[in-house]
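**Q** Any chance you could fold what I've pasted below:
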Amino acid sequence: MFRFVAMMWDEQSPQLTAAASDLEQNLKRSAPGWERVFACSGARVWLADRSPCFGAHLFCDAAGVVLGEAFANAADLSSGMAAFDAKFNRKETLEALESRGRSLVTKFWGNFVALLVKREQDGDNGVRYLLKDPSGTLPCHFAESNGVQVIFSSLQDCLRMGLSFAVNWEFVRTRAVNSFLDSEIPTLVSVSTVHRGECVSFDHRGVLKSRSLYWHPSRFDGAADNVTDPATAAKLLRGAVRSCVHSMARHHASILMQTSGGLDSSIVLGCLGDAPTELQIACYTIYASQAVCDERRWARLASRGQYRHIEICREATSLVFRDLPALARTMEPASYFSHWQRGPLDREMAAEQGATATFTGEGGDSTLCATTYSYAAEHAFRRHGLKLRTFKTALQVASRRDRTVWKVLGKAIAREMFGAGRADELRRRAAFSRLVSLEAKRAVDQRPAGTTWMNGGGRLSEETRLRLGALLFPPVFYDLSTSAGDASPYIVSPLFAQPVVEAALRIPVDLHFDGGRIRGLARRAFEDLLPAPIFRRQWKDRPLLFFEEIIQANLPFMREHLLDGELVKRGILDRAAVELALKNGPTRSSADSGEILSHLDLELWIRDSARSA
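**A** Residues are numbered from 1 along each chain as shown. Presented below is the predicted three-dimensional model:
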């Protein structure tokens, strides 16, 4: 898959120039195919595994390079027209230089990392700006080696070049308490991450100067321009989704579509079906046999018989952790379940279909407000006060949540007038840290721990966190069940694309809860692209107890790695609580299966981090 490595150093120093040259030679020896795409005084950039959508976009006059996939913002997002590929001509280059890279997050979107270089005659004494787009998954990290700043997307490339890093135990404690949240605390000692929407500046020698947040979910360009007319909101949402789906599909001739039969994947599939470019589409659905819930009938409706539809059975007992090879080394703890369930399968089907991407409906729960409809009454009260519209919205929420209208309305008014408080946040965190020791929780509580969006722009409300969903988690770009150099389809989730996220955030929650329906606005916007049963369906089929069955099938392995692992040895997990949760047979433990698997992933990441490259 697409990878990049860049270096920055003081070219006036013969010693540092020699160190950079040695690192370059190590890089070229580590794997074939590295191509230098950018060079200037004291800076070099190399790429491996270009693809139809991922490459290098050069600025004019050696002012830098954009790595990955980039599109120009549409002039009229509501039109649904596909965006043009980004071109950084002289005008765009000057804007990027003058804004210190800010124009890249206000005028472009995609999945990219940018390196912008100011020449000394341009001012700022030759500063270099390293920027990550707000919603993409392409990772970006940097570490210093013998005075040379090494910037990279894949940890494996760094290790093959001869660099090595130790686990940061402060991060491990934070991860155990805060679960999947992307943390500002470095995962490995001496390695830093450029987070989504962040810009890091270096001086002409490659020495870190400052970090700035260029995108925030409450203060992006146009954030204050709320869309409060239902018809206008539906048109904007439809246009944003169609534009992003069509733009991201244009670089592919053949794709896979992960089809669950739910609303989100059905919307993406419907947009793919009316794309202006000809696409070969193959749908696939994963199901559990003998499960109470079976999504195959809904997935068949979504594909409407227009596309090849592959149904794949997955049994909980077939995932035997002891038989799984270690995942590729990575900067972040990764889900063994997700990578081994999807990675080999996607690669096999992609090779069979000649597909270069897998499209998903991931992100719909958060972006389309399925997880935040309970805040609809609060948004209605904010705009209308105690009027009929607010009472009606509160009644709709109450009927969905089996609450009294007065309780819903009272809570909404209290949130709006006195602030949301931390009750919801603490409840969410407690649900995923029942096995964590009290000492570890206290240590984490002593300092702010969260993403740059949480710490860089004030505390995010629980509502905003839910609306961002997995954008608050570390990006997942590489298939870690294989080498980063092997061919793997690019995972595309258009409902997480920046224009879609921004459009959805501008629309109040009560409009998303159109007609008292979860994702009601999305249903209104895409009714013509959805089969009628899926349009009407307001529940999801999930295989009951699937993860619990995985844990029971792997109890000896889990007991061995969790009870005898570093998390318990270092007092991060409470041994008695873990023993109770992993008891063979009925247990009174309140630990969620997701928490158990999350701690196992963290323990295995610690183990794998001790391996050599």
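**Q** Domain-wise, how is the protein divided?
**A** Domain assignment of the chain by automatic domain parsing yields the ranges 3-166+184-213, 230-367+471-536, 547-609.
**Q** Any chance of those domains in CSV with mean neighbour count and mean pLDDT as columns?
**A** All C-beta spots, glycine's among them, are computed from the backbone N, C-alpha and C. Below are these laid out as CSV (neighbours: other C-beta atoms under 10 Å; pLDDT from 0 to 100):
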stretch, mean neighbour count, mean pLDDT
domain 3-166+184-213, 19, 93
domain 230-367+471-536, 20, 92
domain 547-609, 17, 90
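**Q** could you redo those domains as CSV and give each row distance to residue 393?
**A** Converted to CSV, the domains of the chain look like this (distance: least, C-beta to C-beta, whole Å):
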stretch, distance to residue 393
domain 3-166+184-213, 25
domain 230-367+471-536, 5
domain 547-609, 31
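**Q** Please name every helix or strand in contact with the lengthiest helix in the chain.
**A** Counting residues, the longest helix found in the chain (DSSP state H) is helix 230-249. Under the contact criterion of 3 or more C-beta pairs under 8 Å, 6 or more residues apart in numbering; DSSP states H and E, helix 230-249 touches helix 263-273, strand 357-359, helix 498-506, helix 520-526.
**Q** And these: which comes nearest residue 454?
**A** helix 498-506 (15.8 Å; C-beta to C-beta).
**Q** Next, the angle from the closest one to helix 230-249.
**A** On the basis of axes from the mean of the first three to the mean of the last three C-alpha atoms, to 10 degrees, helix 498-506 is oriented at 160 degrees to helix 230-249.
**Q** Give me the contact list for helix 498-506.
**A** Outside helix 498-506, the residues that touch it by C-beta atoms under 8 Å, 6 or more residues apart in numbering are 73-74, 77, 83, 105, 109-110, 133-136, 217, 220, 222-223, 225-227, 236-237, 239-241, 243-244, 363, 367-369, 467-468, 471, 494, 512.
**Q** same thing but 7 Å
**A** For helix 498-506, contacts defined as C-beta atoms under 7 Å, 6 or more residues apart in numbering pick out 73, 77, 109, 133-135, 217, 220, 222-223, 225-227, 236-237, 240-241, 243-244, 367-368, 467, 494.
**Q** so who does residue 409 touch?
**A** By C-beta under 7 Å, 6+ apart, the contact set of residue 409 is 377, 394.
**Q** Give me the three-state assignment for it.
**A** Secondary structure, DSSP: H, G, I helix; E, B strand; the rest coil: residue 409 is helix.
**Q** Surely residue 365 forms part of a helix?
**A** Yes: counting by three-state DSSP, residue 365 falls inside a helix.
**Q** got a list of what it touches?
**A** 371, 469 are the contacts of residue 365 under C-beta under 7 Å, 6+ apart.
**Q** ok, back up a step: format the helices and strands packed on helix 230-249 as a markdown table; extra columns: distance to residue 309.
**A** Putting those into a markdown table (distance: least, C-beta to C-beta, whole Å) gives the following:
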| stretch | distance to residue 309 |
| --- | --- |
| helix 263-273 | 11 |
| strand 357-359 | 14 |
| helix 498-506 | 26 |
| helix 520-526 | 20 |
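**Q** Of all those, which one is nearest residue 399?
**A** Among the helices and strands packed on helix 230-249, the nearest to residue 399 by C-beta to C-beta is helix 520-526 (13.5 Å).
**Q** what packs against that closest one?
**A** Here helix 520-526 touches helix 230-249, helix 263-273, helix 509-512, going by 3 or more C-beta pairs under 7 Å, 6 or more residues apart in numbering; DSSP states H and E.
**Q** can I assume residue 604 is in contact with residue 336?
**A** Yes: with contact defined as C-beta atoms under 7 Å, residue 604 reaches residue 336; the gap is 6.3 Å.
**Q** all strands for the stretch 401-550 of the chain, in order.
**A** 490-492 (DSSP state E, counting those that start in this stretch).
**Q** Mind jotting down where the helices sit in the stretch 201-350 of the chain?
**A** Ranges of helices within the stretch 201-350 of the chain are 230-249, 263-273, 296-303, 336-353, based on DSSP state H, counting those that start in this stretch.
**Q** Could you do the stretch 351-500 of the chain as well?
**A** Under DSSP H, counting those that start in this stretch, the stretch 351-500 of the chain gives helices at 364-367, 376-384, 388-401, 405-418, 423-431, 438-445, 452-456, 462-468, 498-506.
**Q** Quick one, which of the ones you listed gets closest to residue 52.
**A** That would be, of the helices of the stretch 351-500 of the chain and by C-beta to C-beta, helix 498-506, which comes in at 20.6 Å.
**Q** Centre of the chain to the closest one, how far?
**A** Relative to the centre of its chain, helix 498-506 is centred 15 Å away, using C-alpha atoms, centre = their mean, to the nearest Å.
**Q** Tell me who's in contact with the nearest residue to residue 202 once chain neighbours are set aside.
**A** Closest residue in space to residue 202, ignoring its immediate chain neighbours: residue 128 at 4.6 Å, by C-beta to C-beta, 6 or more residues apart in numbering. Going by C-beta under 7 Å, 6+ apart, residue 128 touches 8, 43, 115-117, 201-202.
**Q** In helices, which of these fall?
**A** Reading helices off the contacts of residue 128, I find no matches (DSSP H).
**Q** got a list of contacts for stretch 263-283?
**A** 82, 241-242, 245-246, 249-250, 253-259, 299, 302-303, 306-310, 353, 355, 359-361, 364, 368, 494-495, 519, 522, 526, 529-530, 534.
**Q** do the same with stretch 98-106
**A** In contact with stretch 98-106 (C-beta under 7 Å, 6+ apart) are residues 95-96, 114, 116, 129, 131, 133-134, 197, 199, 214-215, 221.
**Q** if I look at residue 67, how far off is residue 187?
**A** 22 Å (C-beta to C-beta, to the nearest Å).
**Q** To clarify, my last question referred to residue 492.
**A** Residue 492 is 26 Å from residue 187, by C-beta to C-beta.
**Q** related to what we said a few turns ago, next, the angle from the longest helix of the chain to helix 263-273.
**A** Going by the same axes, to 10 degrees, helix 230-249 makes 60 degrees with helix 263-273.
**Q** where's helix 230-249 relative to the chain centroid, distance-wise?
**A** 20 Å.
**Q** Also stretch 563-573?
**A** Offset of stretch 563-573 from its chain centre (C-alpha atoms, centre = their mean): 28 Å.
**Q** Just the C-alpha atoms of that stretch, please, in CSV.
**A** Only the C-alpha atoms of stretch 563-573 are listed here, as CSV (Å, rounded to 0.1, in the frame of the first residue of the first chain):
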residue,chain,number,x,y,z
LEU,A,563,-3.5,-12.2,33.8
ASP,A,564,0.2,-12.8,33.1
GLY,A,565,0.7,-9.7,30.9
GLU,A,566,2.3,-6.3,31.4
LEU,A,567,-1.0,-4.5,32.1
VAL,A,568,-1.6,-6.6,35.2
LYS,A,569,2.0,-6.7,36.3
ARG,A,570,2.3,-2.9,36.1
GLY,A,571,-1.0,-2.4,38.0
ILE,A,572,-2.9,-0.9,35.1
LEU,A,573,-5.5,-3.6,35.1
